[in-house]
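> could you work out the structure for the sequence below:
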Amino acid sequence: EFIQRHLKPNDVVFATWCEDGHCDHEAVGRASAKAAKAVGAVLCELPVWTWHWATAGDHKVPWHRARKIPLTAEQVARKRHAIHAFASQLEGDPQIGLPPVLAPYVVERLLQPFEMVFV
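Take a look at the predicted model:
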């Protein structure tokens, strides 16, 4: 209901995919899908953790709904800035042997010059 109050029928909503494999992402995806549907907005779902577990052709992933959105250099720079705002995800806690949540290869993947969405 909270999300729905902020949407209009012509809006495009970007949210994490409701079957991403991460409980927080899935909850955001379900709530966003419900709100978008209720007002007639378009929903674009972003797979995030999917890239950790899915393989090419994985039948659990709706590849037929996948669309690639190219990003400008400025948009990639904004993504880089946003990622680095979460230092706890990048640094881990060496005192207790906890590695970063986002390994370097994950950050590299996040900074590709495109986004993949499910429509």
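
> for the rest of this, base every contact and every neighbour count on C-alpha atoms.
Will do.

> now do the helices in this structure.
For the chain, helices defined by DSSP state H occupy the ranges 2-5, 23-39, 50-53, 73-84, 87-91, 104-110.

> deepest-packed of the ones you listed, please.
Ranked by mean neighbour count under mean count of other Cα atoms under 10 Å, these are led by helix 23-39, which reaches a mean of 18.

> ok, residue 89 to residue 23 distance?
Distance of residue 89 to residue 23, given as Cα to Cα, to the nearest Å: 17 Å.

> typo on my end, residue 100
On the measure of Cα to Cα, residue 100 and residue 23 end up 19 Å apart.

> equivalent analysis for residue 53, please.
14 Å.

> ok, now residue 98?
21 Å.

> which of the helices of the chain comes out lowest on mean pLDDT?
Taking each of those in turn, the lowest mean pLDDT turns up on helix 87-91, with a mean of 82.

> wait, residue 22 touches residue 47, no?
No - the pair residue 22 and residue 47 fails to qualify as a contact (Cα atoms under 8 Å) at a distance of 10.1 Å.
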